[in-house]
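J.: Sequence first, then the predicted structure:
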Amino acid sequence: MIKIAPYISAENTTQNLMKEVGIALFPCVVMSIYFYGILAVKILLSTVISSFFTEIFWKKIKKDNICDGSGLLAGLILALSLPSTTPFYVAGIGGIIAISSKHIFGGLGKNLFNPAILGRLFLMILFPMYLYQVNNFDGTAGVSLYPMIKYGGLSKIISDLGEPLFYRNLILGNRLGSIGESSIVAIFLGYIYLIYKKSIKWEGPIILLGTIYILNSFTSPNPFLDLIIGGGVFASVFIATEPVTSPYTRVGSNIYLVLMGILIFGVVEFTSQPSGITFGVLGANLMVPIINKYTPHRVFAKSYSYVKLIKLILISSLFIIVGFYTVTYKDESIIPKNINYTNLNKYFGDDIKIEYKIIEDGFIYYPLKRDGLDIGTYVIGESKGYGKKKIGFDLAIDTEHKIKGLTINYEKETWRLGDQISSPLWQNKWIGRSSSYEFNKEIDGFLGATYTSKNLYKTFKKILQIHEKLFDETYTEIDGYGGATYTEELDLNSDENLELDGYGGATD
Amino acid sequence: MFFKSKFFRGGVHPREREITSNKKIEKMPEVGTYRISTLQHIGDPAVVIVKVGDRVKKYQKIAKAEVKISASIHSPCSGKITQINNIDIKGRQAEEIVIENDFLGEEFKRKKLKFFTPNKLRELIDELGIVGLGGATFPTHIKLDGKLKTIIINGAECEPYLNADNRIMIEKTNEILEGIKILMTIFEIEESIIGIEENKEKAIEKIEKCIKDYPGIRLQKLPTVYPQGGEKQLIKALLRKEIKSLPMEIEAVTLNVGTILAIYRGVTYGTPIVKRVVTVSGEGIKNPKNLSIHIGTPIEDILNYVGLKEDIVDKIIACGPMMGYEIGKIGSTSKGMNGILALEKEKFPIKLPCIKCGRCVDVCPMGLIPLEYDRLAKKGKYRQMEKEFSLSSCIKCGSCEYICPSQVPLMEAIFLGLEKGRDGHD
């Protein structure tokens, strides 16, 4: 067949594009090996090798002999987005999933989702104990610094390390996080190389990071820090700019990046997922066909169709709103408003009289009486676990504001990590503790799941503090005068409201 | 680097291959046989008005335009008509007149006109068979119809390799300016603009020197971007107006410098188009040249004249490398052929699936989405190409396929879509 014009072509080829991105990733690879040593080498090698062979396997099936570097590249990006604690076989499985996901969609150029990120998502589902691992504040492993700062407090980390050292480590990459995405310097070198080679549009990463920064500045005291602690910088250069899964028009790709920024921010802020990147990127990828459809360029001598753009903005805002509604939706119906009498009897024995309940800050307090005497309070509450799942528990507090008993009624924590809170061994540790108790990660935390137990600790502390506030004066006076006769008088007032109850004791 | 000033969106900048930019226009000696086709222009083929065995003189009309969009054909030499064959040009039926040159050089004399009115000039241009010499070969007399305010002279010549217009501007500066003046006086036009790409420094220098004597003519430098010479892009760059199909909409006319030269010669000497400047270039040519060639000269004679490196030549194409077509050694020169290029085997990258990088979308000067055409052509949804992605706006400049890193055959899809869409396929 005769080839029709043009008879010349530009020098850049798809293979070259892939090669350029590979070269741009090189500083990240070097830094990851420098900081994590043999761990990083293992992850990198196993992912790249497994994705290479998966690629060959699929090519054999499809009888396609052309070698494009996309498979290796996806493997490399996946490897760099894994934490150093990932065992090498898990990383290898990730490579297989990533490449297969691409070929199931139809091969290069037809995949809807970024293969590396899809592979990572599968690993997060299959091996949460490695990918969600957040060790401790001075630890060397973990998915992201973000939950550390969110729940542990920034000042603690900074004071542990000293501020200049802290920032230096952040920029260079000696910190928690995935092996490749921790070093800002290395990523920046890659970015410079890619814009020099015109492989990516220079404004792309800036738009994405700018969106996250602006949104962060509404909620966070230190938005810049929030920006660089996660994998956002890495994703903005190497993942968000991936050509296949991003829109092809200029307006479209800008909208896509803004949307991705909003999603990443939303996932990190409104859910307890530590890694917003995975969900943000996949959510934005999902929108790409629609973005492409509604953001065509203005055709020469024709007017621009703003209607399409407005439609797109409406659709994407709907998408975001629905997304966040589902993510942040609190299913009220599952909260048990009923008293678990088995537990109640276990804590306080029989013949208990419940006269009223106090609902304070989402917790339900049932002051208990036996033969007219205060014997303590029964509390039903819920705490946030890891992920959006709730932990339901009931708590028995004695008259001295100490925990008398604890039962976790339901939880959906990660297997082998957070779900250890269900063990009676751990629950019984809490008996006798008061609100002044300080959390001790070695006694109360589990390896890799300090987060859950710490969150519960905070909830308990809050319950105890509220309890002290509610019943403080009543109980001290009981202690002070110690008169059983006195409580009988008090009993009369107990039918009235809480405030009267409180003052009633004081006036006497 | 980031904010390059441009007058229209998109465009590419192919590596410059101006091998012949400093070579003077050379006259090619006459050859023994001329093969002149009757379809050298847009529209219907001209009708042959001579018979086999007739003797013709130089400049004599041998085929005439019977419908409006058509152009007359004239003999480039004196001699005898030996054959009239049916041939096929780009899938269309036409005839080929073969003239045996007798090297006597007898000229057909035409009555010269002293006074011109716009109508008379149009008739003369029609009679002389002048068409747009930039490549599109649209009959010029139709372009000059109606009320005119501006003449735009296209000296952009944005295709790589080609230098015919560039050399004409350098060597025939006064004739071009004179030709513009004639048009301006006859049609009472106040303004005319010459648009030249910045990389043609010599031509700019020369025209700037001569332009002072001609009030109303203005020179505008244009950035070196392909397709700067496209009519729509040129008008956008010079007048900041976007036309839907023809420059008549804004009472303007675009003429190539070669066309202006032909008009000047027609008006002053009464000669029709029988010659044109052709850039014979490319890596496979031993002596690349700008040649003034008689229309109808067989390609083989030209290639023999300049010398062909047989071992490295892969294909011989007519016109520029971006919009040209493959001709091989058979065939002969026509009015629109501004270049004959012998290209060596280009190291074309391997064809890969489209990776949706959007480079074609970025470079499309018309704001289209070429990659969707490929997708739809593969599915066979030709009508959707027009309905959703306004395929008919495409100017077929080839920028999209040039820039494509995966070498997706976008132009093939576009031509297929235009053809099938016209036939009413789904």
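T.: That came through fine. Residues are numbered from 1 along each chain as shown, chains lettered A, B, ... in the order given.

J.: Please count neighbours and contacts with C-alpha atoms only from this point.
T.: Will do.

J.: Just confirm residue A:376 is within a strand.
T.: Yes: under DSSP: H, G, I helix; E, B strand; the rest coil, residue A:376 sits within a strand.

J.: For it, which non-adjacent residue is spatially closest?
T.: In space, and not counting its chain neighbours, residue A:376 is closest to residue A:398: 4.2 Å by C-alpha to C-alpha, 6 or more residues apart in numbering or on different chains.

J.: Just list the residues touching that neighbour, thanks.
T.: Taking C-alpha atoms under 8 Å, 6 or more residues apart in numbering or on different chains, we find residue A:398 in contact with A:375, A:376, A:377, A:404.

J.: Relative to residue A:346, which of the residues you listed is nearest.
T.: Using C-alpha to C-alpha, residue A:404 comes nearest to residue A:346 of the contacts of residue A:398, at 10.3 Å.

J.: just checking, what packs against the helix or strand where the closest one lies?
T.: Here residue A:404, judged by DSSP states H and E, is contained in strand A:403-410. Applying 3 or more C-alpha pairs under 8 Å, 6 or more residues apart in numbering or on different chains; DSSP states H and E, one finds that strand A:403-410 contacts helix A:341-348, strand A:390-397, helix A:424-428.

J.: send the alpha carbons of stretch B:186-202 over as PDB?
T.: This file holds the C-alpha atoms of stretch B:186-202, laid out as PDB (Å, rounded to 0.1, in the frame of the first residue of the first chain):
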ATOM      1  CA  ILE B 186      -7.700  47.300 -11.900                       C
ATOM      2  CA  PHE B 187      -9.700  46.200  -8.900                       C
ATOM      3  CA  GLU B 188      -9.300  49.500  -7.000                       C
ATOM      4  CA  ILE B 189      -7.900  47.700  -4.000                       C
ATOM      5  CA  GLU B 190      -6.300  49.900  -1.300                       C
ATOM      6  CA  GLU B 191      -4.300  47.400   0.700                       C
ATOM      7  CA  SER B 192      -2.300  44.400   0.000                       C
ATOM      8  CA  ILE B 193      -0.100  42.400   2.400                       C
ATOM      9  CA  ILE B 194       2.800  40.100   1.600                       C
ATOM     10  CA  GLY B 195       3.200  37.400   4.300                       C
ATOM     11  CA  ILE B 196       6.600  35.800   4.500                       C
ATOM     12  CA  GLU B 197       8.000  33.400   7.000                       C
ATOM     13  CA  GLU B 198      10.800  34.700   9.100                       C
ATOM     14  CA  ASN B 199      13.300  32.100   8.000                       C
ATOM     15  CA  LYS B 200      13.400  33.600   4.500                       C
ATOM     16  CA  GLU B 201      15.700  36.400   5.400                       C
ATOM     17  CA  LYS B 202      17.000  37.200   1.900                       C
END
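
J.: Just the endpoints, please. Distance across stretch B:123-136?
T.: Stretch B:123-136 has an end-to-end distance of 21 Å (C-alpha to C-alpha, to the nearest Å).

J.: For chain A, what lies in contact range of chain B?
T.: A:2, A:4-14, A:66, A:108-110, A:243-250, A:296-301 (C-alpha under 8 Å from any C-alpha of the partner chain).

J.: buried subset of the residues you listed?
T.: A:4-10, A:12-14, A:108-110, A:243-250, A:296-297, A:299-301 (16 or more other C-alpha atoms under 10 Å in any protein chain shown).

J.: where's the most centrally placed residue in chain B, which helix or strand?
T.: Centroid-nearest residue in chain B, with C-alpha atoms, centre = their mean: residue B:135, separated by 1.2 Å. According to DSSP H and E, residue B:135 maps onto no helix or strand at all.

J.: Can you tell me, leaving aside adjacent residues, what's nearest to it?
T.: With C-alpha to C-alpha, 6+ apart, the residue lying closest to residue B:135 is residue B:336, at 4.5 Å.

J.: Return the alpha-carbon coordinates of the strand holding residue A:404 using PDB.
T.: The C-alpha coordinates for strand A:403-410 follow below in PDB (Å, rounded to 0.1, in the frame of the first residue of the first chain):
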ATOM      1  CA  ILE A 403     -13.000   2.100  83.800                       C
ATOM      2  CA  LYS A 404     -14.700  -0.900  85.300                       C
ATOM      3  CA  GLY A 405     -15.100  -2.900  82.200                       C
ATOM      4  CA  LEU A 406     -14.800  -2.600  78.400                       C
ATOM      5  CA  THR A 407     -16.300  -4.600  75.600                       C
ATOM      6  CA  ILE A 408     -15.800  -4.000  71.900                       C
ATOM      7  CA  ASN A 409     -19.200  -4.900  70.400                       C
ATOM      8  CA  TYR A 410     -18.300  -4.700  66.800                       C
END
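
J.: how near is residue B:137 to residue B:71?
T.: For residue B:137, the distance to residue B:71 - C-alpha to C-alpha - is 9 Å.

J.: Compare neighbour counts for those two and give me the winner.
T.: residue B:71 (33 against 21; other C-alpha atoms under 10 Å in any protein chain shown).

J.: I'd like the distance between that one and residue B:220.
T.: 31 Å.

J.: what do you get for residue A:356?
T.: For residue A:356, the distance to residue B:220 - C-alpha to C-alpha - is 90 Å.

J.: And residue B:359, by the same measure?
T.: The separation that residue B:359 has from residue B:220, given C-alpha to C-alpha, amounts to 29 Å.

J.: Between these two, which has more neighbouring residues?
T.: Neighbours per residue (other C-alpha under 10 Å) separate residue B:359 from residue B:220, with residue B:359 holding more: 21 against 16.

J.: Which single residue in the stretch 151-300 of chain B comes nearest to chain A?
T.: Nearest to chain A, among the residues of the stretch 151-300 of chain B, is residue B:242, at 5.0 Å (C-alpha to the nearest C-alpha).

J.: What separation do you get for the residue nearest to residue A:376 and residue A:466?
T.: Applying C-alpha to C-alpha to residue A:398 and residue A:466 gives a distance of 14 Å.

J.: now swap in residue B:344 and tell me
T.: Distance from residue B:344 to residue A:466, by C-alpha to C-alpha: 86 Å.

J.: Ok, residue B:361 next?
T.: Counting by C-alpha to C-alpha - residue B:361 and residue A:466 are separated by 62 Å.

J.: Looking at the two, which is more packed in?
T.: Taking other C-alpha under 10 Å, residue B:361 and residue A:466 do not tie; residue B:361 has more neighbours (24 against 18).

J.: how about the more buried one, what does it touch?
T.: Here residue B:361 is in contact with A:248, A:249, B:367, B:368, B:369, B:370, B:371, B:400 (C-alpha under 8 Å, 6+ apart).

J.: Contacts only, for the second one.
T.: Contacts were defined as C-alpha under 8 Å, 6+ apart; by that measure residue A:249 touches A:292, A:295, A:296, A:297, B:358, B:361, B:362.

J.: ranges for the strands of the stretch 151-300 of chain B?
T.: B:191-197, B:217-222, B:252-256, B:275-281, B:289-294 (DSSP state E, counting those that start in this stretch).

J.: most packed of the ones you listed?
T.: strand B:275-281 (a mean of 26; mean count of other C-alpha atoms under 10 Å in any protein chain shown).

J.: So what touches that strand?
T.: With contact meaning C-alpha under 8 Å, 6+ apart, strand B:275-281 is reached by B:19-20, B:25, B:76, B:161-165, B:168, B:258, B:287-295, B:306, B:335, B:337-342.

J.: So, low pLDDT: which residues of the stretch 201-350 of chain B?
T.: Residue ranges of the stretch 201-350 of chain B with pLDDT under 70: B:347-349.

J.: if you set the cut-off to 80 instead, what comes out?
T.: The model of the stretch 201-350 of chain B has pLDDT under 80 over residues B:328-329, B:346-350.

J.: list the contacts for the residue of it found nearest chain A?
T.: Nearest to chain A in the stretch 201-350 of chain B, going by C-alpha to the nearest C-alpha, is residue B:322, at a distance of 4.1 Å. Residue B:322 makes contacts with A:5, A:6, A:7, A:8, B:159, B:160, B:397, B:398, B:399, B:402, as judged by C-alpha under 8 Å, 6+ apart.

J.: Counting only strands, which of those make the cut?
T.: Assignment to strands by DSSP state E places none of the contacts of residue B:322 there.

J.: Distance to residue B:177 for these - can I get that in a markdown table?
T.: Putting the contacts of residue B:322 into a markdown table (distance: C-alpha to C-alpha, whole Å) gives the following:
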| residue | distance to residue B:177 |
| --- | --- |
| A:5 | 34 |
| A:6 | 33 |
| A:7 | 34 |
| A:8 | 34 |
| B:159 | 24 |
| B:160 | 25 |
| B:397 | 29 |
| B:398 | 32 |
| B:399 | 32 |
| B:402 | 35 |
